[in-house]
Each structure stands twice: as C-alpha cells, then as structure tokens.
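Participant: A predicted structure for the sequence below; I have some questions about it.
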Amino acid sequence: MMAEQMISVSGVTKTFTNNGKPTNVLDQVSFDMKKGEIVTLLGKSGCGKSTLLHIVGGFLKAEEGTVYLDNQLVQRPTKKCVTLFQQHNLLPWRSVLKNVGLGLEGENIPEDEKKVRVMDAIKLVGLEQYLHQFPHELSGGMQQRVAIARAFAMQPDVILMDEPFAALDTFNRYHLQDELLRIQTQMKTTILIVTHDIDEAVYLSDRVLIMSSHPGRIFKELEIQQTKPRDRTQGDFLYYRKKILEQFELSGTNKAPEYMI
Ligand SMILES: Nc1ncnc2c1ncn2[C@@H]1O[C@H](COP(=O)(O)OP(=O)(O)OP(=O)(O)O)[C@@H](O)[C@H]1O
C-alpha cells in the first residue's frame, strides 16, 4: 500500500440473512482514498452504500476483505475516523457548546486546548452566536452544523458521512455543502460521503464511485477534474451530471429509464 493512502478497501464482501435467506449485499468491493481526498459512493437505494460505510468505519465486519485506515487494519471504530450519520445524534439536553465538545471528552488533551478546538469548530460553522442554545431551539440545518463542528473538533484523519444533507431543504443543503468544502480545504480531512444525490456528488467530490445493486459493486469510477468551488450551472458541471445519469440510464435518451435512485 502506498504511504499517501488514507483508506484502502480491498475485496470486501458482505452477506445478510433475512428470514433464513442469505443476500449478498456487497461483492468484492475495493477502492482507495488518498489523504485529503473527498470521495462519494453514489448508488440507488439499497445498493449497500451504508453497509459499506459501516464496514469502513469499523461498526460492521465483512465476511471477506480488509479495510486499512492509515496503514492500520480496521477492526473497530476509532477516533481517527468519525462517522456523521444522517440523524445527527445531538444530545437534546446539551447546549451547542457542550454538544460540540462531546467528542473530546475523556481525551488526553489539556482543557485549554479543548476549549480552543471547540470554539474554532463552532466558528467554522458560524454558530458562535448560539453557544448556549439547545438543539430544539435550532433549525435542522443548524443542528447539522453542530454535528459537523463536533466531527471537525475531534480533528480526525477521516470523516465518513451518510447522506449528511438529505434531510435539508435545497438552500440549506447548498449552503452547508459550501461550508463543508471551505472547512475541508482548511483542515485537509479525508472525507467519504454516501449519497444518492448526483448534484451533491459532482459538487463535492474529487472522485465519484458509482455502485450497482444486488450485489453492491463499484462499477464505475469518475474523476471530477473541475476546480472547486464549482458552478452548478456551468457546462462542465452538467457534463459530469450527464455522464452519471447515463450510467443509471436516466439521461432521457434511453428506452427503459429507471426513475428511482
Ligand atoms: N442489519 C441488516 N440485516 C439484514 N439486512 C440488511 C441489514 N442492513 C442492511 N440490510 C440490507 O442490505 C441492503 C443494503 O442496505 P444499505 O442500507 O447498505 O443500502 P443503501 O445503499 O445505503 O440504501 P439507502 O440509500 O436506502 O440508505 C438492503 O437490501 C438492506 O435491506
């Protein structure tokens, strides 16, 4: 494995048994991620994206194959790799400040440094006016920002995101995507994102890994060579969108389109 690789997934296979019937959800999935790269796993509902993310995060074991994080075999979740779930899991009885500090509790870091890290992360997501508010007093977008701040405050090597902006309206989603790119540029975090939003994949990723279903496999890799930030209305952006839509036979020129991804 090359030294600059942050994640290396090799030959991952996973089977679930439902009502005694085994289903091969992931079949021989392999990919690598370089340090500081943003990669998305894009695929239809049920193709195994979340399962793959949980295996990469060490929450779930594969029957076959390996995952290496910074040259170490992943066997359980570690603080080097933080997972941001769609349901952001904020603690309702804790303020913004205390929620963002959650991941640093029990860490062997001086209290002063913890405070600086937490405040820096809160400033990065623009919530410094809301330090003492509680989750129920915030909008969905603001709650998701708290979760993002909590992840970055831990300064992990890798952040795994499972459909991080799916529950937000378009305006909030676009806004948070920009914030994520801005923070990632600053922190150089390696980020793996699961999504079924083609626009999101093209906007955020250095590479898009397109998955097929039953069993889940990566059948196409697309490098997005445009510089960031990207213009969603510009020709190159639409070119990549079209390329992806064609992979799913959704470009409108196919005889048998599938409407759900
Ligand atoms: N714990 C489990 N036990 C049994 N089957 C499971 C389990 N987790 C997932 N599956 C099945 O594995 C398949 C892949 O699920 P997964 O959640 O990984 O898909 P996904 O691509 O993330 O879908 P979505 O975009 O809808 O979240 C599905 O058919 C699902 O029913």
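Facilitator: It's in.
Participant: Please list the residues of the protein that sit near the ligand.
Facilitator: Within the chain, the residues that sit near the ligand (Cβ under 6 Å from any ligand atom) are 16, 18, 25, 43, 45-51, 196. For the C-beta atoms, the positions are set from N, CA and C on the backbone; glycine is no exception.
Participant: For the ligand, what's the nearest residue on the stretch 101-250 of the chain?
Facilitator: Among the residues of the stretch 101-250 of the chain, residue 196 lies nearest to the ligand; the distance is 5.4 Å by Cβ to the nearest ligand atom.
Participant: Next, the contact list for that residue, please.
Facilitator: Residue 196 makes contact with 42-45, 49, 163, 261, according to Cβ atoms under 8 Å, 6 or more residues apart in numbering.
Participant: Need the pLDDT of it.
Facilitator: Residue 196 carries a pLDDT value of 91.
Participant: Could you do residue 203 as well?
Facilitator: On pLDDT, residue 203 comes in at 96.
Participant: Look at it and give its secondary structure.
Facilitator: Following DSSP: H, G, I helix; E, B strand; the rest coil, residue 203 is assigned to helix.
Participant: shouldn't it be in contact with residue 177?
Facilitator: Yes - contact criterion Cβ atoms under 8 Å: residue 203 and residue 177 qualify, at 5.7 Å.
Participant: So which of those two has more stuff around it?
Facilitator: Each of residue 203 and residue 177 had its neighbours counted (other Cβ atoms under 10 Å), and the higher figure belongs to residue 203 (25 against 21).
Participant: got the contact list for that one?
Facilitator: Residue 203 makes contacts with 177, 230, 232, 237, as judged by Cβ under 8 Å, 6+ apart.
Participant: Pull out the buried residues from those.
Facilitator: 177, 230, 237 (16 or more other Cβ atoms under 10 Å).
Participant: Can you tell me how far the residue of the stretch 101-250 of the chain closest to the ligand is from residue 244?
Facilitator: To residue 244, residue 196 is 11 Å away according to Cβ to Cβ, to the nearest Å.
Participant: Now for the two: what residues contact both?
Facilitator: With Cβ under 8 Å, 6+ apart as the test, residue 196 and residue 244 both reach residue 42.
Participant: and the residue nearest to residue 134 when sequence neighbours are not counted, how many neighbours?
Facilitator: Ranked by Cβ to Cβ, 6 or more residues apart in numbering and with sequence neighbours excluded, the top spatial neighbour of residue 134 is residue 95, at 6.0 Å. Neighbour count for residue 95, taken as other Cβ under 10 Å: 17.
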